[in-house]
Structures are given as C-alpha cells and as structure tokens.
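Student: I'd like to go over a predicted model; first the sequence, then the structure.
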Amino acid sequence: MRLLLATRSAHKAREVARILGEGWGGNLLLATLEDASIPWSPVEESLEPFDTFEENAASKARYFARLSGLPTVADDSGIEVDALGGRPGVRTKRFAPSGRYPDLSRDEANNRYLIERLGHVPMRERGARYVCVASFIDPVSGETAHFRGEAPGRILREGRGTGGFGYDPIFWDDDLRRGFAELTEAEKNARSHRGKAFRAFARFLVDRL
C-alpha cells in the first residue's frame, strides 16, 4: 500500500515511520510530501484555522489527498495545559508571539514562553496533556477515519534531556519520572500521543485489508 504522510517535519516523519513500522503487518510504502515531490505552497499556512485537532487534521488530509491522488494521513497535535484553560491547544505550534525571542528557534521560543506563562505555578498544578489526532482520507473511495491519542504529564520549570522535539524538553512523564526528551525512542513511542494515535491507525490499516 502506498500512503502519503502529509508533513514537512523530518522529526515527525521519522517518528511516524517507526510507529507504523511496528504496527503494520503489510507492505507499506510511506511517502512524505517531499518524497511525493509536492512543493510547498503558501496555501499550507491556512490549512489549520479550526478550533479542534480533528478539524485541522482532516483539513490537511483532504488538501493533500486531492493534490496527490493518494490515500493520505495527516495529523494535528499539540499540548493542553490545565492552568492555562487548555491553551495553547490547536495554537501549540505558534504559541510564542512572533519576534518575542528573535535568537531562539520556534521550539525553543514556545518552550520559553510556556514556562514564563506558568510563572510560579506549583508542580502539582502544572498538569498537561499532549494530544494528537491522525486523519485518514482515501480520495478514490472517499473513506475517512480519525484516530486520537493523548499522553498526560506536567510542565517542568526548565528543560531536561536532549531527545525529542517540540515541547518534549519541558514535558514530564509522572509514571516514568522522566521528561519526554530523556526517553529512548521506544519509550516515547510507547507512551506518546502520536504513538497512540498512529498505532490505532496501523490497526485500522490491517483490518481494512
């Protein structure tokens, strides 16, 4: 089966490929947007205007399925922080105000801004969850499906570890007593929001055959 993974993130592509490789029993040819020679377009900046992860993921999947003609899976993921009323949520990727930290990468800026927003909130009140929704669309049959995964944790006061990406350096796993950036790839995939969503998607693919 040839499947388009609608992402331009190399980190995400590697992570999803590993997860699907573990859960898929067939001959899956996974292609990223670059692999499929789909050039970047400014339209992509407007594909996630919705207030839910499900709507944003479906929007991306529909767009790239139409462009490619391939069965397509896209995800929208983010972090919800209890003390911030569930924010940043679907605005996770662009949480830090533009230009606030000109010397930092986007991930570093988002982490810094979240730490600052929480200020002196005690650890017991810094509960959060990573959320991922993977949406699948087959442009030929019109079949659609959605898969949600969540990973509970807490927001640290400072970064720890060197692995992962996004908010992983400041996301603490209560059960393992380590931050997500301190986990091995196998440990993270077993517990992460993306791991849970894409393992459910892999089971769907197997059952679909």
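Tutor: That came through, no problem.

Student: most centrally placed residue in the protein?
Tutor: residue 77 (3.7 Å; CA atoms, centre = their mean).

Student: mind listing what the nearest residue to it once chain neighbours are set aside touches?
Tutor: Closest residue to residue 77 apart from its sequence neighbours, by CB to CB, 6 or more residues apart in numbering: residue 132 at 3.9 Å. To be clear about C-beta, it is placed using only N, CA and C from the backbone, and glycine gets the same treatment. If you count contacts by CB atoms under 8 Å, 6 or more residues apart in numbering, residue 132 has them with 53, 75-77, 148-150, 192-194, 196-198.

Student: Residues contacting the helix or strand hosting residue 110, please?
Tutor: Element membership for residue 110 (DSSP states H and E) is helix 106-118. For helix 106-118, contacts defined as CB under 8 Å, 6+ apart pick out 79, 81, 83-84, 88, 92-97, 100-101, 104, 126, 155-159, 165-167, 169-170.

Student: Just these: which are in strands?
Tutor: Using DSSP state E, the members of those that fall in strands are 79, 81, 155.

Student: gap between the first one and residue 96?
Tutor: Computed as CB to CB, to the nearest Å, the residue 79 to residue 96 distance reads 13 Å.

Student: same deal with the last one?
Tutor: Here residue 155 is placed at a distance of 14 Å from residue 96 (CB to CB).

Student: between those two, which one's more packed in?
Tutor: residue 155 (24 against 21; other CB atoms under 10 Å).

Student: Dig out what the more buried one forms beta bridges with.
Tutor: residue 171 (DSSP bridges).

Student: Surely it and residue 128 touch.
Tutor: Yes - Residue 155 lies in contact with residue 128 (CB atoms under 8 Å); the separation is 5.2 Å.

Student: Please point out which parts of the helix-or-strand element of the chain with minimal mean pLDDT sit buried.
Tutor: Ranking every helix and strand in the chain by mean pLDDT, DSSP states H and E puts helix 10-23 at the bottom, with a mean of 82. Under the neighbour-count criterion of 16 or more other CB atoms under 10 Å, helix 10-23 has 12, 13, 15, 16, 18, 19, 20, 23 buried.

Student: The residue lying closest to residue 86 once chain neighbours are set aside: how many residues sit nearby?
Tutor: Take residue 86 and drop its neighbours on the chain: the residue closest to it by CB to CB, 6+ apart is residue 80, 4.5 Å away. If you count neighbours by other CB under 10 Å, residue 80 ends up with 19.
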